[in-house]
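1. Return a 3D structure for these sequence lines:
(2 chains)
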Amino acid sequence: MSSLAIKVENLKKEYITKDSTLQVIKGIDFELEKGEIAMLLGPSGSGKTTLLLMLGCILEPTSGRITLDDEIVYEDRWILKDTRKLRREKLGFIFQAHNLIPFLNVQDNVTLLPQLNGIAEVEYKKKAKEILTYLGIEDKTNYMIGSLSGGQSQRVAIARSLANDPRIILADEPTAALDKERAISVMELLRKLAKEQEVAMIVVTHDDRLLPYFDSVLKIDDGYLTKTKASETKLH
Amino acid sequence: MFEDVKYQIRNVEGVSEAAAMTFQTIQIPTSLKQERVTAVGYEIGKIGKPQNIISGRELAREHYEIVVDTKLGFKLDDKIPLGRNIYTVVGITKGAVSSSGEALVYISLKDAQQLQFLASNDTIRSDRARGIKDTTSTIVNTIVAKVSSGYSPKDIAENIKKWKHKSAYTNEKQVEILTKNVIEKSSKQIGLFTIILIIVSSVIISLIIYTMTIGKIKEIAILKLIGMPNIEIVKMIVQQSLVLGFLAFVAGNIFANAIKSKFPKNVQLLPEDSVGLFFVVVLVSVIGSLFGIYKALKANPAQAIGE
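-> From the prediction side, this is the model:
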């Protein structure tokens, strides 16, 4: 087993319309170590979400190769037939809006994936309790989502993304809806998780102040991606 | 037929008792409106008397007494004007209805004949001026007979047909005719309405489930994004539809049982009908969820992220 969580090779994505072909991703290569937390930056329309969707096996690339947790999932076609199973078992998602299921309580939101993965009830409840305690919201276990604050909801969303012991977490502006203090608190938490549980994370954010919490910066512009160390990156 | 036919029937071997009866549809004034009922005229003390009397008594006098069904809302000693006379309610039955489901009222045979044939003075004068003779009041609709033990009702019916040239039916035959000709036709008609209602209900359930699915399309996209298999999403939508259908089934049953006695005609709600309806509700709920399922399966998980 290698120490790589994500390996992307010559990944391209084209959108073909009747009159033209739009190349959104023009052949990108990068690697992410286990436990590495990367900031994904880029102007609007640069292909950040497209990249995130391709890494999440939701959007099919045009060509290239994607290896997730030592498993080739895409090589000019989907190698893995059941991409949803991969998402269920190895990936975690955190969104800008918490995107929790409003008609389920905190525990049910968190245990949704382990239930689908066939984990025993005793086990997934124990795990949910551990995660919620770890995130400092164990007292909200039976609360409905509507009764939580923005910060608490985002913590529940993080808890949900951790419930299936993911190897990779893809986060789309998880702090955008939070004030500065809460945003920092969430980033501290994500970093802690990445390091303690060796989870690779790609976090889309435009907030320069959060740079110290990242190991690396993935900057995507005009369909190309450059990777730099966060400590050596200056943002404007 | 003329009333005296009963004497001929009474003399048939094996017949122990025979009585004349009349049936006519009349309107009687209730507290709310004119109610259409079937008036049964029978010979007091003979066969044909009202069954299931829940209060009061059967007729004892030859004139101006009436037994009514509880559905009509009368109380004992209430006065009901019919034709030229006023009748007193002496008994109340429960569930006495004609083959078409109208409430039955019982009056004496004499009163029934008078009610049917005795026209108003103006009408009599007008009829006489036009040369119409007085109509007879000794006509009846049927003769009912009781068979002595040891005799076959079927043989006696055949005998009456052969020698008295009258149509005669046994109890079983009557039930068969009633079931086949009257109830079966009504059932088919109600069945047709039921089918129309089921189709309408399916469309309504489909629209509700479809609308509810559209309202949750973001959540469905999230579930797909985090890896929920399609089969689980389909299960959720079908479950939702079944819960709605079940609630409607329970509410509908309670409502139907609560208002069935208010219907102008007798409504029978049998347990097996409810069981049948339950399965129809399940089927309709599943069918009704198909559009919602289609929409959910088409939901793009990328919608959960969105650029």
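2. For chain B, what's the nearest residue on chain A?
-> Among the residues of chain A, A:Arg88 lies nearest to chain B; the distance is 3.0 Å by C-beta to the nearest C-beta. For the C-beta atoms, the positions are set from N, CA and C on the backbone; glycine is no exception.
3. May I ask which helix or strand encompasses the closest residue to chain A within chain B?
-> Across chain B, the shortest distance to chain A (C-beta to the nearest C-beta) belongs to B:Gly227, at 3.0 Å. For B:Gly227, there is no helix or strand it lies in under DSSP states H and E.
4. contacting residues around B:Asn300?
-> Counting by C-beta atoms under 8 Å, 6 or more residues apart in numbering or on different chains, B:Asn300 touches B:Ala221.
5. Let me know the secondary structure of the one residue sitting closest to the centre of chain A.
-> Nearest to the mean C-alpha position of chain A, counting by C-alpha atoms, centre = their mean, stands A:Leu170 at 1.0 Å. Secondary structure state of A:Leu170, per DSSP: H, G, I helix; E, B strand; the rest coil, is strand.
6. Is it in contact with A:Gly92, as I believe?
-> Yes - in this structure, A:Leu170 is within contact of A:Gly92 by C-beta atoms under 8 Å, at 7.4 Å.
7. what about B:Asp122, how many neighbours?
-> Neighbours of B:Asp122 under the rule other C-beta atoms under 10 Å in any protein chain shown: 8.
8. Return the set of buried residues in stretch B:153-168.
-> B:153, B:156-157, B:159-160, B:168 (16 or more other C-beta atoms under 10 Å in any protein chain shown).
9. should've said stretch A:137-145
-> A:137, A:140-141, A:145.
10. Using CSV, write out every CA atom in it.
-> Backbone C-alpha positions of stretch A:137-145 (Å, rounded to 0.1, in the frame of the first residue of the first chain) are rendered in CSV as follows:
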residue,chain,number,x,y,z
ILE,A,137,-22.1,18.0,20.0
GLU,A,138,-22.9,14.8,21.8
ASP,A,139,-25.7,16.6,23.6
LYS,A,140,-27.5,17.2,20.3
THR,A,141,-27.8,13.5,19.4
ASN,A,142,-31.6,13.5,19.3
TYR,A,143,-32.1,17.1,18.1
MET,A,144,-33.8,17.8,14.7
ILE,A,145,-31.6,19.6,12.2
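11. quick one: contacts of that stretch?
-> Under C-beta under 8 Å, 6+ apart, the answer for stretch A:137-145 is A:98, A:100-102, A:104-107, A:109, A:128-129, A:132, A:148, A:152-153, A:155-156, A:159.
12. in chain A, which spans are helices?
-> With DSSP state H as the criterion, chain A has helices at A:48-55, A:83-90, A:106-116, A:121-134, A:150-162, A:180-197.
13. Could you export the ones you listed as CSV, including distance to B:Leu82?
-> Listed next are those as CSV, based on distance: least, C-beta to C-beta, whole Å:
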stretch, distance to B:Leu82
helix A:48-55, 83
helix A:83-90, 77
helix A:106-116, 69
helix A:121-134, 73
helix A:150-162, 75
helix A:180-197, 85
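14. Now render these as CSV, adding distance to B:Ala296, mean pLDDT and mean neighbour count.
-> Shown next, in CSV, are the helices of chain A (distance: least, C-beta to C-beta, whole Å; pLDDT from 0 to 100; neighbours: other C-beta atoms under 10 Å in any protein chain shown):
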stretch, distance to B:Ala296, mean pLDDT, mean neighbour count
helix A:48-55, 20, 90, 24
helix A:83-90, 14, 89, 19
helix A:106-116, 16, 90, 22
helix A:121-134, 25, 88, 16
helix A:150-162, 20, 86, 23
helix A:180-197, 31, 85, 17
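15. what about A:Val199, neighbour count?
-> Neighbours around A:Val199, by other C-beta under 10 Å: 22.
16. same question, the one 10 residues further on
-> When neighbours are counted by other C-beta under 10 Å, A:Arg209 registers 13.
17. Where do the strands of the stretch 51-200 of chain B begin and end?
-> B:53-56, B:65-69, B:79-82, B:85-93, B:104-108, B:142-147 (DSSP state E, counting those that start in this stretch).
18. would a markdown table of these with mean pLDDT, distance to chain A and mean neighbour count be doable?
-> Conversion of the strands of the stretch 51-200 of chain B to a markdown table gives the following (pLDDT from 0 to 100; distance: least, C-beta to the nearest C-beta, whole Å; neighbours: other C-beta atoms under 10 Å in any protein chain shown):
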| stretch | mean pLDDT | distance to chain A | mean neighbour count |
| --- | --- | --- | --- |
| strand B:53-56 | 92 | 51 | 14 |
| strand B:65-69 | 94 | 51 | 25 |
| strand B:79-82 | 91 | 59 | 15 |
| strand B:85-93 | 94 | 53 | 19 |
| strand B:104-108 | 94 | 54 | 25 |
| strand B:142-147 | 91 | 65 | 18 |
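19. Any idea which of those gets closest to A:Lys227?
-> strand B:65-69 (90.3 Å; C-beta to C-beta).
20. Measure how that closest one sits relative to strand B:104-108, angle-wise.
-> Computed by axes from the mean of the first three to the mean of the last three C-alpha atoms, to 10 degrees, the angle separating strand B:65-69 from strand B:104-108 equals 170 degrees.
21. For the nearest residue to A:Thr67 once chain neighbours are set aside, list each beta-bridge partner.
-> Of all residues not flanking A:Thr67 in the chain, A:Lys7 sits nearest, at 4.1 Å (C-beta to C-beta, 6 or more residues apart in numbering or on different chains). Bridge pairing for A:Lys7 (DSSP bridges) gives the partners A:Glu31, A:Thr67.
22. residue contacts, A:Lys7?
-> A:31-32, A:65-67.
23. let's go with 10 Å and repeat that
-> Taking C-beta atoms under 10 Å, 6 or more residues apart in numbering or on different chains, we find A:Lys7 in contact with A:29-32, A:65-70, A:72.
24. Could you check how far it is from A:Asp29?
-> 9 Å (C-beta to C-beta, to the nearest Å).
25. intersection of neighbour lists for the two?
-> Common neighbours of A:Lys7 and A:Asp29 (C-beta under 10 Å, 6+ apart) are A:Arg65.
26. isn't A:Val156 right up against A:Ser147?
-> No - between A:Val156 and A:Ser147 there is no contact under C-beta atoms under 10 Å: 11.3 Å.
27. okay, and the common contacts of the two?
-> With C-beta under 10 Å, 6+ apart as the test, A:Val156 and A:Ser147 both reach A:105-106, A:140.
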